[in-house]
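# got a sequence here, can you model it:
(chains A and B)
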Amino acid sequence: MTNGWCDIANTDVVLVMGGNPAENHPVGFRFVMEAKRKRKAKLICVDPRFNRTAAVSDSYVPLRAGTDIAFLGGLIHYTLENNLHHEDYVKAHTNAAFLLRDDYGFEAGHFTGWNGEKKLYDKTSWQYDLDGSGFAKVDETLQNPRSVFQAMKRHYARYTPEKVAEICGCTSEEFTGAAKVICSTGRAGKVGTILYALGWTHHSHSVQLIHTAAMLQLLLGNIGLPGGGVNAQRGHANIQGSTDMGAWNMLPGYLRLPRANHQSLEEYLKATTPKPLRPNSMNYWGNTPKFATSLLKAYYGPEAKKENGFGFHNLPKLGESENQSWGFFFDRMHRKEMQGFISFGMNPVANGPNTEKMLEALAQLEWLVVVENFETETASFWNAKKLGDKFYPKFVDAAAIKTEVLLLPAACFAEKDGAFVNSSRWLQWKKAAVPPPGLAKTDNEIIGRLFTAVRALYEKEGGKGAETLKAMQWNYAKPEAPALDEVAREVNGRDHTTNEQLAGFAALKDDGTTSCGNWIYSGSWTQAGNQMARRGQEDPTGLGLYPNYAWSWPANRRILYNRAAADSDGKPWSASHATIKWDGARWTGDTPDYKGDAKPDQYGAFIMLPEGVAKFFTADLAEGPFPEHYEPAESPVANALHPSVSFNPVAPVMHSSADTLGDAAKFPYVAITYRLTEHFHFWTKHVASGTQLQSNFFIELPAALAREKGIKGGDNVRVTSARGSVEGPALVTERMRPLKVSGKTVYHVGIPIHWGYIGRVRGPLVNNLTPSVFDPNSGTPEYKGFLVNVEKMA
Amino acid sequence: MTTVAKLIDTTLCIGCKACEVACQEWNEQEFTLGVFANTYQTLPDLAPNFWNLIKFNEEYKDGAQAWLMAKYQCMHCAEPGCLKACPSPGAIVQLPNGIVDFHQDNCIGCGYCITGCPFDVPRLSPTTKKVYKCSLCSDRVGAGLTPACIRTCPTNCLTFGARADLVQIANQRAVELKADGHKDAGVYDGPGVGGTNVIYVLKHASTPESYGLPKDPTIPWTVALWKGPLKWVANAAFIGTAVGAMLHYLKFGPKEVHGDKAD
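Numbers count the residues shown, from 1 in each chain, chains lettered A, B, ... in the order given. Okay, here's the model as predicted:
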């Protein structure tokens, strides 16, 4: 989240889209209800289903799965067309005034630079028009046709309410009704927030989708303000922490993974440290050398010296254009290019796309280690043919599988200390409530034992890469079970000249005198102790920032980009939403997202970006500098904007023997998958209370479709995709309205996740159906908006 | 003693069922498995081992969609029909704080309370032959705690407190909702039973049945008669029973009574 849960209470308009917080974040949803009650905030829910959030919303707009960019692009168009944007904000804090190169353009679904042969973009034409010193040229009037502002206006001119209706399936009146409310926040004194979750990330264009949301919020001047922002509701208690710590294709603190062409630390830093694009850009990522050097120092300790590039040579490197995200490495596993796999707190058979492919991939391994609280579908994948009933017809019998599977029982969250990082970016330290049962061990002990055992083996027997393991610093009181407070101190970082804990990332150095395991967490365990364990409930601003409760990254800042909540003179846009203000000498309020004593006009408000301002237009993403509506990989209709380029041209689609795509002739209905409030992913099927509340797998069908097919509520139906099938009773409902899309009636089929072939309650795995199609930037699979057929079972 | 009550502001209910789990856990009920019935509702109805049920009611009229969720449980009436109907002294008691509590030790399983209840709440267990329902966590309230369902509600849809205060809050909320354009908003406070200690705020107050609440809850006339004009008949029957018991004593000797509940 740019903001945080408590902050939602400060808003005037809540747009919930690509999420269903009343169901999936019921505790955080109290702040939405508080805003509704206390501020008369309006709640707008946009979703294919009239869900539990819609039930308490002020207005609901249906839309077809996978068309969110069209809807948001329509809102951008509506804002610009009706002059509803916050003009002063846009001028002060965005790249609207930046000039583009004259060879930039967009035509019939492709941006300039498209290479049809390589299926890649050459991004040269997506750069700014630079002056002699490498700074972007600007036109403060925003009138230059080559300005980002004018280019954006042109790009979204196609997204009229009628076009939105044609693509999304709502009526144009429903769209403009919602647009009126959402776009009413583009003036000082009124602010709106956007809440989203996996309904936005599970697409082949998910990062661009969230970019569109950010653009809308920037146009309306809602970024950086209390009650504003673009707020991702994370789905696991600590998924934010795992992202921050680099568990997903990153080094900790969002440092990029080194690649084969970065053979030295210098080369790596040169490639990953951005240069400022405007004279007043603070360009805080310019400190990358300090973050990276301190990280290496934390990894390699005394072995990290200036003369050996602080041990950079020990880091594994990715190939120059290699992708090791989920879809790619499972594809590799499926091709038998991997020998072993450690599945740690992860159940790929249940949560990966195309279950049968997951099973086939795991069967290629020599060994599989599963670390889990329960026996999962992954741990028992070898028995899927038997346990999985008829759903895996091509999968082999247990006897034919050679994979050795080791299931290590792990402690659950209540059985270990450590910090959870929630959606608000709060690091909250907790204590173990009870010891782990039986042979179960904490994650840190499992990793500690693995590490020390593997290192001992290498020391005894030698082998490839032994020196990188030896170089790793492992300075814990009990090496086979590092205590989490030891690790947390190490993550915060230390000054080795004073031997004191660092106060924050501003103290980091690139000369090897500081170590830090994750620069954005620096300040969480200072010389004053564990800041994450704080439970102070003071609220001096009255905005629900609670600065003494837990600790928020970065620098205990509760609202990101808060400098943008004030104008060029440092005066808050509105007194009611003043998170920080300039008192003539200092910034007061929340921790400023700015230099604490720097004058308001000294730097751009977005200090992390080379531009110094927020970006409508960016060359950072794979498929284009502006978000564009592309259909899902499987769609019932061709793209109404450019039928010849219907699908995202750079989205990865896997082509293994297990991967196929279907078409609307055979699979006419749009399927979506989701979680129910009664459950927590695939875990709670082992828990008595959750399974009572919603015991049975079911398939939600629109009443009109059910009538067409003669299906009554409770009748058993089979849903089939090009990959597989699921079977279960139909829940027939009016809550999923048939939609008119490009003149055609489109039905959704809703399938909740939770069940599987192991647990207290059992049922088919939804991912039997889903395709191996991914977002090109994040590698997230397309679980929303794939095609299926539905038939009544005898 | 202050009369306590529970306020259910249905406009804030998100159907998360946390109250259902809290009720089951606090009352140490067994977690059974549900049967699919084309709804998100946990069970089709209240059960002897399930006293707190959120009812999910879908409405689709003239293109307007509603999905109404309202928690259903004992209403703790000021004039409890169950208590009026109950022939077994001490099986149903109305505590000084207004809570209507069932004491299964004294319950004879006749089921008259079920007939007497205008809200169709008590449920007879086929295994124990006793009747069960929500106690408004009389044990927790007696110890100064909030009822389990209210303690767990994430959206503050549920509030516990003095009935007089809650009635005021409910009325105020209805005024707010009306001002927000919900012309039909209002308070549901057990008309026909002298008020209830469970009070609802509804957006559609003129049609409580769309939330699964009875429109005109009244105690059946048979039950009203039972403890009203016909009370003497009951008394006569009671005297008859007493005479019978005396004869039984004379013939077979005293019945052994265990514990301290002998009267």
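# okay, stretch A:104-119 in CSV with CA atoms only?
Output of stretch A:104-119 as CSV, limited to C-alpha atoms (Å, rounded to 0.1, in the frame of the first residue of the first chain):
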residue,chain,number,x,y,z
TYR,A,104,7.3,8.0,-30.4
GLY,A,105,3.9,6.8,-31.5
PHE,A,106,1.2,4.2,-31.2
GLU,A,107,-0.7,2.6,-34.0
ALA,A,108,-3.2,-0.3,-34.3
GLY,A,109,-2.2,-2.0,-31.0
HIS,A,110,1.6,-1.6,-31.2
PHE,A,111,3.8,1.1,-29.8
THR,A,112,6.7,2.3,-31.8
GLY,A,113,9.8,0.0,-31.7
TRP,A,114,7.9,-3.2,-32.2
ASN,A,115,10.0,-6.0,-33.6
GLY,A,116,7.6,-8.6,-34.9
GLU,A,117,10.3,-11.2,-35.5
LYS,A,118,11.7,-11.2,-32.0
LYS,A,119,8.4,-10.3,-30.5
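# so for that stretch, mean pLDDT?
Taken as a whole, stretch A:104-119 has an average pLDDT of 96.
# show me which positions of that stretch end up buried.
Buried residues in stretch A:104-119, counted by 16 or more other Cβ atoms under 10 Å in any protein chain shown: A:104, A:106, A:109-114. All C-beta atoms are positioned from the backbone trio N, CA, C, and that covers glycine.
# dump those residues to CSV, plus distance to chain B and secondary structure.
What follows is those, written out as CSV (distance: Cβ to the nearest Cβ, whole Å; DSSP: H, G, I helix; E, B strand; the rest coil):
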residue, distance to chain B, secondary structure
A:Y104, 44, coil
A:F106, 38, strand
A:G109, 35, coil
A:H110, 40, strand
A:F111, 39, strand
A:T112, 44, coil
A:G113, 45, coil
A:W114, 43, strand
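# what residues does the stretch 601-750 of chain A put near chain B?
Contact residues, the stretch 601-750 of chain A versus chain B (Cβ under 8 Å from any Cβ of the partner chain): A:676-678, A:688-689, A:691-696, A:698, A:713-714, A:729-735, A:737.
# please apply the same query to chain A.
For chain A, the contact set with chain B under Cβ under 8 Å from any Cβ comprises A:22-23, A:26-27, A:29-30, A:33-34, A:37, A:40, A:50, A:52-56, A:60, A:676-678, A:688-689, A:691-696, A:698, A:713-714, A:729-735, A:737, A:761.
# which ones among these map onto strands?
Among the residues of chain A next to chain B, DSSP state E puts A:60, A:729-733 in strands.
# re the thing from before, which of the residues of chain A next to chain B count as buried?
By neighbour count, with 16+ other Cβ under 10 Å, the residues of chain A next to chain B hold A:22-23, A:26, A:29-30, A:33-34, A:37, A:50, A:52-56, A:60, A:676-678, A:689, A:691-696, A:698, A:713, A:729-733, A:735, A:737, A:761 as buried.
# could you list which of those residues belong to helices?
Members of these lying in helices (criterion: DSSP state H): A:22-23, A:30, A:33-34, A:37, A:52-55, A:689, A:691-693.
# identify the farthest-apart pair in those.
Farthest apart among those by Cβ to Cβ are A:R37 and A:T691. That separation is 33.3 Å.
# quick check: closest non-adjacent residue to the residue positioned nearest the centre of chain B.
In chain B, the C-alpha nearest the mean C-alpha coordinate belongs to B:C74, at 1.0 Å (Cα atoms, centre = their mean). Nearest residue to B:C74 in three dimensions, chain neighbours excluded: B:C134, at 4.0 Å (Cβ to Cβ, 6 or more residues apart in numbering or on different chains).
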